[in-house]
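Asks: sequence first, predicted model second:
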Amino acid sequence: MPVEKKLINPDFEIKIIRVGKEQTPVMVIDDFLLDTKDVIANACEFGQFTRASTYYPGNRANLPRSYVIKVLQSIYLQICELYKIPEALNLKPQATTYSLITHQPEELHVLQRIPHFDSTNPYYFAVLHYLSDRCHGDTGFFRHRPTGFESITASRESVYLDSTKEHFMKFGEPLPAYCTETNDHYELYDKIEYKPNRLAIYPGNLLHSTLVNTDTDIDDNPATGRLTANIFIDFL
């Protein structure tokens, strides 16, 4: 079902934070929508949530096309300016979903127990919208301690993957738990705090993870769970 009424807050303000030693710019917009009620209601009434086919530890459902269009129209120019997107490239949405964390720690695949990156493409971005009006876990940015990498580019990918495998062989796989703090393999160096109606945009090559609060976040009900809107875009 489309979200037709006026949606985006015309007075939103963009805050730019630079994270980590690599000083990667991240966009944060508070009070992004005039009201999140319709977008949440759409998820509750019409969202056909199914188990994610990716390594996302939960369920996903398609976002309303009208919502996606309005979001991208409102931030497109700012993304191009901040990240210096070449004019010859065009924005291509890659995935547009509601997301809910549903996996208990003991259900996690080994790759769900460590921070991840979405893509090595230099102009691939995650657009994350915190929807639930409850208190939930933040989004953390991590540094890979053996290599010092905060972002995984194409030139770093094989080095990072080989180093990760070597760490597993030497010290064993991580215990079945969400990665929510610094450990012997990854360092949590910054985070985007959870705040209802906060939008964040960051490069998909950053190592990141939801800082899952197992008391509040593992819930398949879009009315009470950690409901987010996730839009992944690439410039090709």
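Replies: Okay, I see it.
Asks: end to end, how far does stretch 50-68 reach?
Replies: Terminal residues of stretch 50-68 are spaced 20 Å apart (C-alpha to C-alpha, to the nearest Å).
Asks: and that stretch, which residues are buried?
Replies: Of the residues in stretch 50-68, those buried under the neighbour-count criterion (16 or more other C-beta atoms under 10 Å) are A52, Y56, P57, G58, N59, R60, A61, L63, P64, Y67, V68. All C-beta spots, glycine's among them, are computed from the backbone N, C-alpha and C.
Asks: so which of those residues sit within helices?
Replies: With helices taken from DSSP state H, the overlap with the buried residues of stretch 50-68 comprises Y67, V68.
Asks: just give me the residue right at the centre of this protein.
Replies: In the chain, the C-alpha closest to the average C-alpha coordinate belongs to L128, at a distance of 5.2 Å (C-alpha atoms, centre = their mean).
Asks: where do the helices sit along the chain?
Replies: Secondary structure of the chain (DSSP H): helices located at 37-46, 65-82, 154-171.
Asks: reformat those as JSON lines; add mean pLDDT and distance to P25.
Replies: Listed next are the helices of the chain as JSON lines, based on pLDDT from 0 to 100; distance: least, C-beta to C-beta, whole Å:
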{"stretch": "helix 37-46", "mean pLDDT": "97", "distance to P25": "26"}
{"stretch": "helix 65-82", "mean pLDDT": "98", "distance to P25": "6"}
{"stretch": "helix 154-171", "mean pLDDT": "98", "distance to P25": "19"}
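Asks: ok, which of those helices comes nearest K21?
Replies: Each of the helices of the chain has some distance to K21 by C-beta to C-beta; the shortest is helix 154-171, at 14.2 Å.
Asks: can you give the contact residues for the closest one?
Replies: V110, I114, T120, N121, H144, P146, T147, F149, I152, D184, H185 (C-beta atoms under 8 Å, 6 or more residues apart in numbering).
Asks: distance of I231 relative to K70?
Replies: Look at I231 and K70: by C-beta to C-beta, to the nearest Å, they are 11 Å apart.
Asks: compare these two (neighbour count), which wins?
Replies: Legend: neighbour count by other C-beta atoms under 10 Å for I231 and K70, higher for I231 (22 against 17).
Asks: contacting residues around the closest residue to that one other than its chain neighbours?
Replies: Counting by C-beta to C-beta, 6 or more residues apart in numbering, V127 is the residue found nearest to I231 once chain neighbours are left out, at 4.0 Å. Under the criterion of C-beta under 8 Å, 6+ apart, the contact partners of V127 comprise V71, L72, I75, L199, A200, I201, A229, N230, I231, F232, I233.
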